[in-house]
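**Q** Okay, here's the prediction I keep looking at, along with the sequence it came from:
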2 protein chains.
Amino acid sequence: MNEIINAPLYRALVHHMEKKSISFHVPGHKNGEVFTMGAESVYENLLKIDVTELNGLDDLHDPQEVIKEAQNLLTKYYKTEKSYFLVNGTTVGNIVMLFSTVNAGEVVLIQRNCHKSILNALAIIGATPVFLSPEVDNTTVTATGLSYKQVKEAVKTYPKAKALVLTNPSYYGYAQDLTSIVEVVHSNDILVLVDEAHGAHFSLGDPFPKSAIYSKADIIVQSAHKTLPAMTMGSYLHINNKELIQKIEYYLQVFQSSSPSYPIMASLDLARDYIQSLTNEKKLTIILSHQAFKRKLQAIEGIKLVTKAVNGNYKIDPLKVIIQSTNKISGYAIQKCFEAYGIYTELADPKNVLLILPLAQINNQEDIIRKIKTALKGVKASNREVSFNTDYKEIHSITELAISYREMEKRSVTERLLEKCIGHIAAEAIVPYPPGIPVIMPGEIIIEEKINEIIFWKNEGARFQGKSNLNTIKVFAD
Amino acid sequence: MNEIINAPLYRALVHHMEKKSISFHVPGHKNGEVFTMGAESVYENLLKIDVTELNGLDDLHDPQEVIKEAQNLLTKYYKTEKSYFLVNGTTVGNIVMLFSTVNAGEVVLIQRNCHKSILNALAIIGATPVFLSPEVDNTTVTATGLSYKQVKEAVKTYPKAKALVLTNPSYYGYAQDLTSIVEVVHSNDILVLVDEAHGAHFSLGDPFPKSAIYSKADIIVQSAHKTLPAMTMGSYLHINNKELIQKIEYYLQVFQSSSPSYPIMASLDLARDYIQSLTNEKKLTIILSHQAFKRKLQAIEGIKLVTKAVNGNYKIDPLKVIIQSTNKISGYAIQKCFEAYGIYTELADPKNVLLILPLAQINNQEDIIRKIKTALKGVKASNREVSFNTDYKEIHSITELAISYREMEKRSVTERLLEKCIGHIAAEAIVPYPPGIPVIMPGEIIIEEKINEIIFWKNEGARFQGKSNLNTIKVFAD
């Protein structure tokens, strides 16, 4: 083992692995010795550390030894009051942060373009959501964040609100410095909870946006797996407000597996070590490599990069590359052609293709650029005009539900054709995915503009999570 | 790739891996190319399939392609109405099965020795639990299951109960044929939900116990990772009652990560293929290998195996080996000495050590037996008398909570010394782990016998989940 790795949980697992012990415990693969023939080459090395709460390996739900040590290093690196490993993604982090702070009937201010896990948690809690529509960047036609002015208005209108729930950065990487927003919300005794799924690397500082951790938000959840080298479902939950620790720890063990995955936990330990080991020198090397790559992309005929937000309050995370066609070709068409050449992107929409760069130097830049150039030659054949209305804006700024979550539970549900839903109250969320922002939320009155928006996304080929074919919407019976 | 593997999701991942594509998407390790130096050898092969919802890789929360195909094979193999992959363990399966069937205020009959996830879910839902104490096997002094008579009495007393929640087999492997219980419960229009965490292999039939799937329980959750070769956190949820499908699918996407782990999902696909490929001939070879191993264990001086339940209604899963000392040495002491020789067991308690055998032939039996013999020589030095009261029995057979979950939410909580809790209402569960059975549950009046039981477990060195030092209990203020 490389002695340089400062990751106590990972090291304890390697130490256990090196004992070559005999397993008469779970999991059933017995350190990888029992497995489907032919699939071992992919799994076998990792399964040696896919173990359970053995002596010396601690317990995520009551950490006393190596997991405690690993989480202490996490806490110290991110400079929080307390930080935790999550094994069920930012989804569970969002659920836990709401269960730990909000009770039935309490008002919560919600940035409308939040992840569905926020809404699901609020519905189960029976909270009273007030939705704040985000600003929209007209270059990419995507949501950015909330304006200070709107937040100030909301806390004035709802002084008894329990918490404000923000999503920063956006999926596309738009991020703002939340310090003044946190200050105005805190001065009204309201908590600030931030879904920072795409910002686990913001701790690196400039040129990356500022993390909500350093704007003193109360709880911050980050998908370590999204931008750091951690396994999928590995996330971090950070607390700045120590009054919340007890409840957070209670709900973490409620909603996460009582047999949490050691490989995921150890990858979170390693990911922290990875980012912590990025000295300023290493960081600069990465940034210069990214810049070189972006310049090369920028120079390719037929595409352009969006690197600046229209509104100067926002910056775009340098790890996100937003590509648009200069020939009115849809993002979907570009993504498809890239894939034919082995370049897999994060997402596409009518206008944009989103790439997430590695938190490392990009090797083989010439090869990638060559493939992209070739791919773009192909795309012209399947030319598809972008029809997206760039004047698109949210209609209502601060909105409440028409009926409460508890009331919804009592009503029966019926299904109506899309065009016959207008004026009815929605009984389900309609969420094009990616980017996972609900167009309609349960409990809202369905207005014509929403139907038009749905039809638009549908025609553009977006996938609606949980719906294979979106011809109808579930609404509450009157 | 081995063409014999009939696991569509795994195959699609290998197919994607073989493309050697360039990743500009999550996760941040980019097919394993970005990772902490020195840790690659453990992780790198697996990270190549730790991907996201790319084209061709389907979406767990809206399966249309390979995940649908893989889940269809699962459904077909287990002969259910519909079966699902779970990535957050049986914990999430238990939560989802309750949320899908029980509403606030509704009565639920609960086998008392259930996993804490059942209790946590009921508290959040605000259900009204009625606890049924399990029978106890006096050889091992562990809970087995509910008697038919008790269940019949309970459904008669609580005809409006919504569901009966069973745990079968027990952690130690005691299992009964649930058919008659399911019949009497169903005849009263009550659902039967079964936590079958330790029984994913029961589909193999005799000599393994009968799965609740074939007793026609409505929902059955199995920890594939416990007895099949699946990764930790990989479980199955099975439905026999198709009326529940819609709600189950809704809550599965609520409580599981929106970025589910592909390696875990593919391991569930492979685990199904593994057990399906066990022909009668292969099964017999495994059973004979286990029997030979048990005979060798049985012949070792100083220990005996428990292979039969006192009550003939139960049998002990042949995959579980319960070892006891013939010299009054505690299970903890035996476990510790085994570990010193590299033999890791599943759990120990004052009387027993529990081993879980692989669902495969046991190789190197002589070597293992030799190590165990040597280990047992060491154990005599640290001889420790077993003090466990073998007359231990549950006191109340069918009990309700003193106050409701919703009422508990309103009361303030205080902490009292163990011996000063008698007569107060508990505000937390006290769960020695393993085996994870609550001695006290929130909302119950703390009687003297319970305190004695806690002190006993404490003195025997059990770990109490969520409590590093059990001197106090949280109780509700009057």
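**A** Everything's here; your move. What you see is a predicted model, and the numbers here were worked out from it, not measured in a lab. Numbers count the residues shown, from 1 in each chain, chains lettered A, B, ... in the order given.
**Q** in the stretch 101-250 of chain A, what residue is nearest chain B?
**A** Relative to chain B, the nearest point of the stretch 101-250 of chain A is A:Pro229 (3.9 Å; CB to the nearest CB). From N, CA and C alone the C-beta is placed, and that goes for glycine too.
**Q** show me the contacts for that residue.
**A** By CB atoms under 8 Å, 6 or more residues apart in numbering or on different chains, the contact list for A:Pro229 reads A:267, A:270-271, A:274, A:359, B:27-30, B:34-36.
**Q** does A:Tyr172 count as helix, strand or coil?
**A** In three-state terms, and counting by DSSP: H, G, I helix; E, B strand; the rest coil, A:Tyr172 is coil.
**Q** Would you agree A:Ser289 falls within a helix?
**A** Yes - assigned with three-state DSSP, A:Ser289 falls within a helix.
**Q** re earlier: measure how buried the closest residue to the residue of the stretch 101-250 of chain A closest to chain B other than its chain neighbours is and give me the count.
**A** Leaving aside its sequence neighbours, A:Pro229 sits nearest to B:His29 (CB to CB, 6 or more residues apart in numbering or on different chains; 3.9 Å). Per other CB atoms under 10 Å in any protein chain shown, the neighbour tally for B:His29 reads 30.
**Q** Just the pLDDT at the residue of the stretch 101-250 of chain A closest to chain B, thanks.
**A** The model reports A:Pro229 with a pLDDT of 97.
**Q** A:Tyr174: what's its closest spatial neighbour, skipping adjacent residues?
**A** Of all residues not flanking A:Tyr174 in the chain, A:Thr144 sits nearest, at 4.1 Å (CB to CB, 6+ apart).
**Q** cool, A:Ile118 as well?
**A** Residue nearest to A:Ile118 in three dimensions, not counting chain neighbours: A:Asn94, with 5.2 Å by CB to CB, 6+ apart.
**Q** so the one you found sits right up against A:His115, yeah?
**A** Yes - assessed by CB atoms under 8 Å, A:Asn94 is found in contact with A:His115 at 6.2 Å.
**Q** Overlap in contacts, those two.
**A** Residues touching both A:Asn94 and A:His115 (CB under 8 Å, 6+ apart): A:Asp195.
**Q** that older thread, show me what contacts the residue nearest to A:Tyr174?
**A** Applying CB under 8 Å, 6+ apart, we find A:Thr144 in contact with A:134-137, A:170, A:174, A:176, A:309, A:311, A:314.
**Q** any idea how far A:Ser133 is from it?
**A** Noted for A:Thr144: a distance of 11 Å to A:Ser133, by CB to CB, to the nearest Å.
**Q** near chain B at all, stretch A:34-52?
**A** Yes - using CB under 8 Å from any CB of the partner chain, stretch A:34-52 reaches chain B at A:34-39, A:41-52.
**Q** Give the PyMOL command for selecting the buried subset of the residues you listed.
**A** To isolate the buried subset of the residues of stretch A:34-52 next to chain B in PyMOL, counting by 16 or more other CB atoms under 10 Å in any protein chain shown, use the following:
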select buried, chain A and resi 34+35+36+38+39+42+43+44+45+46+47+48+49+50+51+52
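**Q** that older thread, what are the phi and psi values for the residue of the stretch 101-250 of chain A closest to chain B?
**A** When read as degrees, to the nearest 10, the backbone of A:Pro229 gives phi -80, psi 70.
**Q** repeat for the one 4 residues further on
**A** When quoted as degrees, to the nearest 10, the phi and psi of A:Met233 stand at phi 90, psi 0.
**Q** which residues touch it?
**A** A:86-89, A:225, A:261, A:264, B:87, B:257, B:259-261, B:264.
**Q** And the pLDDT for it?
**A** Model confidence at A:Met233, given as pLDDT, is 98.
**Q** swap in A:Gly461?
**A** pLDDT for A:Gly461: 65.
**Q** Could you tell me which residues of the stretch 251-400 of chain A lie near chain B?
**A** Taking CB under 8 Å from any CB as the measure of proximity, the stretch 251-400 of chain A contacts chain B at A:253-264, A:267, A:270-271, A:273-274, A:277, A:321, A:339, A:342-347, A:355-360, A:368, A:371.
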